[in-house]
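Asks: Requesting a structural model of the entry that follows:
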Amino acid sequence: MDKRYQIFVSSTHVGLRKERRQAIQTLMELNCMPAGVELSPLQDEEQWSFTKRMIGDCDYYLLLIGGPSEAVSEESIGCAQKEFDYAVASGLKVIALAHENPGEALTAQPDIDPALGEKLKAFRTKISDGRSVKSWKESDELPGLIALRVLKTIQTYPAIGWTKSNRTSNEDILNELIHLRKQNDAYQAELTHLKSALQFSAIDLADFDDTFTIHGTTRVRVGSDKTPYDRAWGMIVSWARIFALIAPYLEERPQSSKVKQWLADELADSLDAGGHARAINDQEFKTIAIQLQAYGLVEITPLEATGGGTDLVWSLTPKGRKTMFELRTVKKIHV
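Replies: Residues are numbered from 1 along each chain as shown. Model (predicted):
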């Protein structure tokens, strides 16, 4: 081939690891570049955005359906459907290979919901609409089938692909390398964030509407001589409320000390505590910082201070901005 093509590999079954490896190996032997993401229980907007970008960078879409002994779930079918719909909407040509007896994949699982079989059947019907779907029975058949279908699809529907360096100018190569490096850096940063989110998802975190007790003080003046006195207070507040109070300030990427003071002032005002020099418990504030990071709402990064030392800077994650809009925007009133 004069070009190399990037092909996204998708599958309906959680356990199609051997078949996916065979597909990837075959594509590499065809001088193509395989791409794809493993099925994951984390299917939030961030991961889906990452997957869409990956599909959009590909030239073709390869879909493996069914399998006689592999686990299938509603989630795995749903993920494959979303990827398939997005690939079609993006104009990618679909190369589909379906197991000739998908029912075996379901009967191999006891206590399976019959509706799951109907969903898989409906999906098979959907991908067969207007396109040829080749069937397979044994996984050893896949390399040959994939090679034939990929080569035929490339010949019939040539895509842009990746041109060899000796066919482009040095300036084109340099620009492409710069673009690819930026794209790879973005992918790596997003992947790191997703892996972090997956790790936190395994922690039995408190619900966002659960409450947390914060203790603080406010300085008031008492007596005829106006002696300064630190009056203690405590407040039970939900994690959602804590985040809603400080989130708008985080657009400014403030230092941790400012966030702590803003939160102390907001809580003291809520209690009509009056006074000045408001403060909250330092250890409780650190817990708040850790909790909001675990929710995936904020990032706290070290920044070298002007006068030496290090400051901690708070900022919103994409999920944090979305949550802020949900909590702080004024909603339309439906009569």
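Asks: what are the bridge partners for residue 238, then?
Replies: On the basis of DSSP bridges, residue 238 is bridged to residue 211.
Asks: Now do the contacts for it.
Replies: 208-212 (Cβ atoms under 8 Å, 6 or more residues apart in numbering). Where C-beta positions appear, they are placed from N, C-alpha and C, glycine not excepted.
Asks: Which member of those is positioned nearest residue 218?
Replies: residue 212 (19.3 Å; Cβ to Cβ).
Asks: Mind jotting down where the strands sit in the chain?
Replies: With DSSP state E, the ranges of strands along the chain come out as 3-4, 6-11, 33-35, 60-65, 93-99, 133-136, 162-163, 211-222, 227-238, 276-280, 298-304, 310-316.
Asks: so can I have a markdown table of those strands showing mean pLDDT?
Replies: Shown next, in a markdown table, are the strands of the chain (pLDDT from 0 to 100):
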| stretch | mean pLDDT |
| --- | --- |
| strand 3-4 | 84 |
| strand 6-11 | 90 |
| strand 33-35 | 89 |
| strand 60-65 | 90 |
| strand 93-99 | 89 |
| strand 133-136 | 85 |
| strand 162-163 | 75 |
| strand 211-222 | 91 |
| strand 227-238 | 89 |
| strand 276-280 | 88 |
| strand 298-304 | 87 |
| strand 310-316 | 90 |
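Asks: Show me the helices in the stretch 151-300 of the chain, by range?
Replies: Counting by DSSP state H, counting those that start in this stretch, one finds helices in the stretch 151-300 of the chain at the ranges 170-201, 239-246, 256-270, 282-294.
Asks: Point out the most buried one among the ones you listed.
Replies: Ranked by mean neighbour count, these are led by helix 239-246 with a mean of 19 (mean count of other Cβ atoms under 10 Å).
Asks: Tell me where the model's unsure across the protein.
Replies: Within the chain, the stretches with pLDDT under 70 are 1-2, 13-15, 38-44, 67-76, 102-117, 164-172, 191-203, 223, 305-308.
Asks: Look up how far residue 78 lies from the residue of it most remote from its centre.
Replies: Relative to the C-alpha centroid of the chain, counting by Cα atoms, centre = their mean, residue 224 is the outermost residue, at 60.2 Å. According to Cβ to Cβ, to the nearest Å, residue 224 and residue 78 sit 72 Å apart.
Asks: repeat for residue 238
Replies: 31 Å.
Asks: Now do stretch 52-68: distance to the chain's middle.
Replies: Relative to the centre of its chain, stretch 52-68 is centred 18 Å away, using Cα atoms, centre = their mean, to the nearest Å.
Asks: for it, which positions count as buried?
Replies: Buried positions in stretch 52-68, judged by neighbour count with 16 or more other Cβ atoms under 10 Å: 52, 54-55, 58-68.
Asks: Turn those into a markdown table, columns for distance to residue 301.
Replies: Compiled in a markdown table, the buried residues of stretch 52-68 are given as follows (distance: Cβ to Cβ, whole Å):
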| residue | distance to residue 301 |
| --- | --- |
| 52 | 27 |
| 54 | 26 |
| 55 | 30 |
| 58 | 33 |
| 59 | 37 |
| 60 | 39 |
| 61 | 37 |
| 62 | 39 |
| 63 | 40 |
| 64 | 40 |
| 65 | 43 |
| 66 | 46 |
| 67 | 44 |
| 68 | 49 |
